[in-house]
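# let's see this in three dimensions:
(one chain, ligands or ions: 2)
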Amino acid sequence: MSDLSRTVAQEQLVSQDLHLSPTPVINLGHLSLDSVTRSGMVDQIANACHDLGYFQVINHGISQPVMDCAVEAASDFFKLPSETKEEFASEDLRQPVRYDTSSKDSISMSRAFLKHYAHPLSDWVQYWPEKPPIYREYIGKYAVEVRRVALQLMQAILEGLGLGKEYLNGKFQEGSQLLSVNCYPKASQDAMAIGLAPHSDYGFLTILLTSCRGLEVLDRSSNSWKTAQRLPHALHVHVGDHMEVLSNGQIKTVVHRAVLNPEESRISIASIHGFEVHEKVACAKELVDEQNPQKYKESSFSDFLDYLTANMDNKHRNFLESLRMLTGAMIFEKADRAKVYCHMFKY
Ligand SMILES: O=C(O)CCC(=O)C(=O)O
Ligand SMILES: [Fe+2]
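Ligands and ions are numbered 1, 2, ... in the order given. You can find the predicted model right below:
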């Protein structure tokens with residue numbers, strides 16, 4: 001995660017202009033129809049990525065029972081006694097499984113989480129919790145299926161960028177999948193509380209399964225928070241820092257946060273997709289020319305972990321900004337962005 005978290009008073013985090021966001025809904029089944037239908041879908045996904053950076057998918061082929069069982073397994077894990085969960089607590093970000101709570105990381109304001117790798121499943125599943133007994137099977141099933149969806153989407157996005165659906169195919173096939181399994185308490189009366197502070201995810205794509213409403217995305221055009229809608233059987237998708245890098249800034253990473261739900265405690269499972277841990281992501285050379293000079297330095301997931309480790313206590317850390325190459329025009333762009341963030345967090 002590229003954290004944009006800030007230390008701000010609670011009341012300053014209250015959304016000023018909160019609307020249910022009319023998120024584009026993509027019928028993924030249409031991607032495998034005839035070429036005309038497919039290219040219409042590719043255009044829809046490309047537009048959603050360029051305009052917003054997020055959308056939702058339906059008809060994605062993951063059955064409702066598989067999704068419900070994954071949420072159930074996650075929920076049962078967080079109900080375990082603290083000592084059992086804390087067996088997975090570690091300060092070392094490179095541990096294959098890591099449990100933490102709000103008290104220790106600087107962006108989880110009211111969240112417990114379990115993070116672990118999921119691809120290839122046979123390499124990682126042995127490290128996952130053995131309790132509850134359903135955890136490995138149910139989360140494993142969901143992980144495999146959601147990765148298939150991520151690969152389909154990645155192909156469509158690459159096609160939309162004009163790079164061709166087979167572009168870097170091997171690197172995506174070999175890529176990493178990190179699951180962030182999150183648990184938020186129910187909001188206490190009348191205060192809107194933040195569970196997870198504003199941040200962007202490091203990978204190309206994040207696919208999010210949630211038990212109830214609570215995700216908010218920062219709408220760039222109005223600079224306000226929008227509540228992500230929750231449609232039956234839909235999954236929420238947003239792009240991350242490495243998508244911005246690969247597209248040389250044509251697609252922008254999405255700043256998002258989680259607010260506590262006033263009615264119930266909440267589970268979310270974020271599946272974050274990137275290249276293999278040491279594989280560098282660079283701006284696609286096809287998208288770099290005189291008018292569009294290279295905007296970012298190359299970096300890997302491993303570089304991101306190093307950056308995070310070195311900046312653990314820095315509430316202003318921002319991985320993507322650390323990659324930005326500054327040229328004349330970009331100094332203005334950076335200043336503009338800084339203004340957006342100052343406004344957003346009311347420095
Ligand atoms: O819980 C959510 O809605 C968001 C989770 C998230 O952003 C993350 O795990 O990176
Ligand atoms: Fe996130």
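# what helices or strands is the longest helix along the chain leaning on?
Longest among the helix segments of the chain by residue count, using DSSP state H, is helix 135-160. Applying 3 or more C-beta pairs under 8 Å, 6 or more residues apart in numbering; DSSP states H and E, one finds that helix 135-160 contacts helix 35-51, helix 64-78, helix 121-124, helix 169-173, strand 176-184, strand 205-210, strand 235-239, strand 266-274. In this view, the C-beta of every residue, glycine as well, is placed from N, C-alpha and C.
# what pLDDT is listed against the closest residue to Leu305 other than its chain neighbours?
Nearest residue to Leu305, sequence neighbours excluded (C-beta to C-beta, 6 or more residues apart in numbering): Leu93, at 5.0 Å. For Leu93, the model assigns a pLDDT of 88.
# just checking, next helix/strand downstream of the helix or strand harbouring Asp306?
Using DSSP states H and E, the element containing Asp306 is helix 301-310. Downstream of helix 301-310, the first helix or strand assigned by DSSP H and E is helix 319-323.
# mind saving the C-alpha coords of that following helix as CSV?
The C-alpha trace of helix 319-323 is given here as CSV (Å, rounded to 0.1, in the frame of the first residue of the first chain):
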residue,chain,number,x,y,z
PHE,A,319,5.4,5.3,-2.7
LEU,A,320,4.2,6.5,-6.0
GLU,A,321,5.5,10.1,-5.4
SER,A,322,8.8,8.6,-4.5
LEU,A,323,9.0,7.1,-8.1
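# briefly note if it comes near ligand 1.
No. Judged by C-beta under 6 Å from any ligand atom, helix 319-323 makes no contact with ligand 1; its nearest approach is 13.0 Å.
# what helices or strands is that helix leaning on?
strand 2-3, helix 241-246, helix 301-310.
# I'd assumed the residue nearest to Leu305 was in a helix, is it?
No. Counting by DSSP: H, G, I helix; E, B strand; the rest coil, Leu93 is not found in a helix; it is coil.
# contact partners for it?
Taking C-beta atoms under 8 Å, 6 or more residues apart in numbering, we find Leu93 in contact with Leu305, Leu308, Thr309.
# list just the nearest of those residues to Cys212.
Leu308 (28.7 Å; C-beta to C-beta).
# now do the closest residue to the closest one other than its chain neighbours against Thr309, distance only.
Nearest residue to Leu308, sequence neighbours excluded (C-beta to C-beta, 6+ apart): Leu93, at 5.9 Å. From Leu93 across to Thr309, the span is 6 Å (C-beta to C-beta, to the nearest Å).
# so which bits of stretch 49-56 are buried?
The neighbour-count check on stretch 49-56 (16 or more other C-beta atoms under 10 Å) flags Cys49, Leu52, Gly53, Tyr54, Phe55, Gln56 as buried.
# of all the residues in the chain, which ones are close to ligand 1?
Counting by C-beta under 6 Å from any ligand atom, the chain sits next to ligand 1 at 1, 180, 182, 196, 201, 208, 210, 214-215, 256, 258, 268, 270.
# which of those has the most neighbours?
Leu196 (29 neighbours; other C-beta atoms under 10 Å).
# could you measure that one against Ser176, distance?
21 Å.
# and for Gly195?
Using C-beta to C-beta, Gly195 is found at 25 Å from Ser176.
# who has more neighbours, these two?
Remark: of Gly195 and Ser176, Gly195 carries more neighbours, 24 against 20, as counted by other C-beta under 10 Å.
# can you lay out the helices and strands packed on helix 319-323 as TSV showing mean pLDDT and mean neighbour count?
Putting the helices and strands packed on helix 319-323 into TSV (pLDDT from 0 to 100; neighbours: other C-beta atoms under 10 Å) gives the following:
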stretch	mean pLDDT	mean neighbour count
strand 2-3	47	23
helix 241-246	98	27
helix 301-310	92	17
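# now for the ones you listed, which one comes closest to Tyr99?
Comparing the helices and strands packed on helix 319-323 under C-beta to C-beta, the one sitting nearest is helix 301-310, at 16.6 Å.
# for that closest one, give me every contacting residue.
By C-beta under 8 Å, 6+ apart, helix 301-310 touches 1-3, 93-94, 176, 202-203, 241, 274-280, 317, 319, 322.
# got a list of what Leu323 touches?
Asp241, Val245, Tyr296, Lys297, Ser299.
# and if we set it to 7 Å?
Listed by C-beta atoms under 7 Å, 6 or more residues apart in numbering, the contact set of Leu323 reads Val245, Tyr296, Lys297, Ser299.
# ok, the residue nearest to the first one when sequence neighbours are not counted - how many residues close by?
Put plainly, it is Val245. Leaving aside its sequence neighbours, Val245 sits nearest to Tyr296 (C-beta to C-beta, 6+ apart; 4.4 Å). By other C-beta under 10 Å, 22 other residues sit near Tyr296.
# contacts only, for Tyr296.
Val245, Cys283, Leu323, Arg324, Met325.
# next one: phi and psi at it?
Note on Tyr296: its backbone torsions stand at phi -130, psi 150 [degrees, to the nearest 10].
# relative to Arg213, how far out is it?
33 Å.
# same check, this time on Ser247
The value you get for Ser247 to Arg213, if C-beta to C-beta is used, is 30 Å.
# if we can go back for a sec, distance to Arg111 for the residues of the chain next to ligand 1 - can I get that in TSV?
What follows is these, written out as TSV (distance: C-beta to C-beta, whole Å):
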residue	distance to Arg111
Met1	12
Ser180	10
Asn182	6
Leu196	5
Asp201	15
Leu208	14
Thr210	13
Gly214	10
Leu215	12
His256	13
Ala258	7
Ser268	9
Ala270	11
